[in-house]
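Participant: any chance you can model this:
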Amino acid sequence: MGLWQRTKTAIIILGALFVIIQFAPPWVFFLALQLTIIGGLLEFYSLANRRKFYPKKLLGCLFALIIGATFYFDSFPFLLGFTVMTLITFVYYVLDTSTLEKLALFPGSFSLTLSGVVYVSLTMNFLYWIRRDFGVLWLYLLFTVISLGDTGAFLLGKTFGRRKMTPIASPNKTWEGALGGLLWAAAGGWLARTVLLPRFPLLEVVVLSVVVHAAAQVADPLESLFKRAAGVKDSSNLVPGHGGILDRIDSFTLAAPVFYYLMKLLIMK
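Facilitator: Next up is the predicted model:
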């Protein structure tokens, strides 16, 4: 895949993201987020299929939407949604596991169906709460921190990287690159704060940026572990030149909830 194709795809994605984040009403943003989550979840299940675990895709997608609904409707609390999800799971597997062949597949299918929902849907839905509770400018700050931090980690890791950080998950990631990512994330936070949020304390934004990108640096190799276990380079080929949806959102699976709760702490202080 050529550089021009990768660049063209990135421009299209960034343009669509800007329009949805900046101008779309909350329900449109929420629906776009759910489509992204479902796409990433299906890729996760496809990785599991390669190792013959066979999670229930339709059931998982239903659960992802239930989790999403708990974020959207204040009258539908998470514990209620999780209870409904658990009840459906128990009943489904008790009725469906009716042969010895299905019994052998049951533990892996049960575990990965639920863990995929937690991994993708529970974490990514915090992006909706960030936009709802803090506004679009904070989403831009989050995206800036993640993108510049990843760029810094790549550039400094490629130039100065010597010590492997996660040799099994991501052999090319180094501690030097990780440090570079944190420095560039801090710079990204400073830039976004200067341009978008000048009234917010600079030190708090920089600390927030560093911690959030540290979380992203944990989430990224975690997704790589799933891919390496499945024996593939990308989660899919859906995004030309960029792999799959899961490859694009992996950093946010931990960065988004960490960002949200750090913001809650800063506002409550």
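
Participant: just name whatever secondary elements the strand ranked longest in the chain is in contact with.
Facilitator: With DSSP state E setting the assignment, residue counts place strand 170-174 as the longest strand in the chain. Contacts of strand 170-174 with other secondary structure elements, assessed using 3 or more C-beta pairs under 8 Å, 6 or more residues apart in numbering; DSSP states H and E, are made with helix 136-160, strand 164-166, helix 202-230. No exception for glycine: its C-beta is placed from N, CA and C like everyone else's.

Participant: what angle sits between the stretch of helix or strand T9 belongs to and helix 136-160?
Facilitator: T9 belongs to helix 3-23 when assigned by DSSP states H and E. Relative orientation of helix 3-23 with respect to helix 136-160: 150 degrees, computed using axes from the mean of the first three to the mean of the last three C-alpha atoms, to 10 degrees.

Participant: next structured bit after helix 3-23?
Facilitator: Moving toward the C-terminus from helix 3-23, the next helix or strand (DSSP H and E) is helix 26-50.

Participant: give me the buried positions along that next one.
Facilitator: Using 16 or more other C-beta atoms under 10 Å as the burial criterion, the residues of helix 26-50 that qualify are 29-30, 32-34, 36-48.

Participant: neighbouring contacts of it?
Facilitator: 20-21, 24, 54-55, 57, 60-61, 64-65, 68, 71-72, 108, 112-113, 116-117, 119-121, 124-125, 127-128, 131-132, 226-227, 229-232, 235-236, 238, 244-246, 249 (C-beta atoms under 8 Å, 6 or more residues apart in numbering).

Participant: ok, now with 6 Å
Facilitator: Residues outside helix 26-50 that contact it (C-beta atoms under 6 Å, 6 or more residues apart in numbering): 20, 55, 57, 60-61, 64, 68, 72, 112, 116, 120-121, 124, 128, 226, 230, 235-236, 244-246, 249.

Participant: for the stretch 101-250 of the chain, give me the ranges with low pLDDT.
Facilitator: Counting by pLDDT under 70, the ranges of the stretch 101-250 of the chain that qualify are 241-242.

Participant: can you tell me the SS state at F76?
Facilitator: With DSSP: H, G, I helix; E, B strand; the rest coil as the basis, the three-state label of F76 is coil.

Participant: ignore the last one, R199
Facilitator: coil.

Participant: now it: how far from C61?
Facilitator: As judged by C-beta to C-beta, to the nearest Å, R199 and C61 stand 41 Å apart.

Participant: which one's more surrounded, the two?
Facilitator: C61 (19 against 5; other C-beta atoms under 10 Å).

Participant: host element of T253?
Facilitator: Taking DSSP H and E as the definition, T253 sits inside helix 252-268.

Participant: CA atoms only: put that helix into CSV for me.
Facilitator: Output for helix 252-268, consisting of C-alpha atoms alone and laid out as CSV, is shown next (Å, rounded to 0.1, in the frame of the first residue of the first chain):
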residue,chain,number,x,y,z
PHE,A,252,-8.4,4.7,23.0
THR,A,253,-9.6,1.5,24.7
LEU,A,254,-7.7,2.5,27.8
ALA,A,255,-6.9,6.1,27.1
ALA,A,256,-10.6,7.1,26.9
PRO,A,257,-11.8,5.9,30.3
VAL,A,258,-8.5,7.1,31.9
PHE,A,259,-9.0,10.5,30.3
TYR,A,260,-12.6,10.8,31.4
TYR,A,261,-12.0,10.0,35.1
LEU,A,262,-8.9,12.2,35.3
MET,A,263,-11.1,15.0,34.0
LYS,A,264,-13.7,14.2,36.6
LEU,A,265,-11.0,14.5,39.3
LEU,A,266,-9.7,17.8,38.0
ILE,A,267,-13.2,19.3,37.8
MET,A,268,-14.1,18.1,41.3
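
Participant: could you give the angle of that helix to helix 26-50?
Facilitator: Taking the same axes, to 10 degrees, one finds that helix 252-268 is oriented at 140 degrees with respect to helix 26-50.

Participant: check which residues of helix 252-268 are buried.
Facilitator: For helix 252-268, the buried set under the neighbour-count rule, 16+ other C-beta under 10 Å, comprises F252, T253, L254, A255, A256, P257, V258, F259, Y260, L262, M263.
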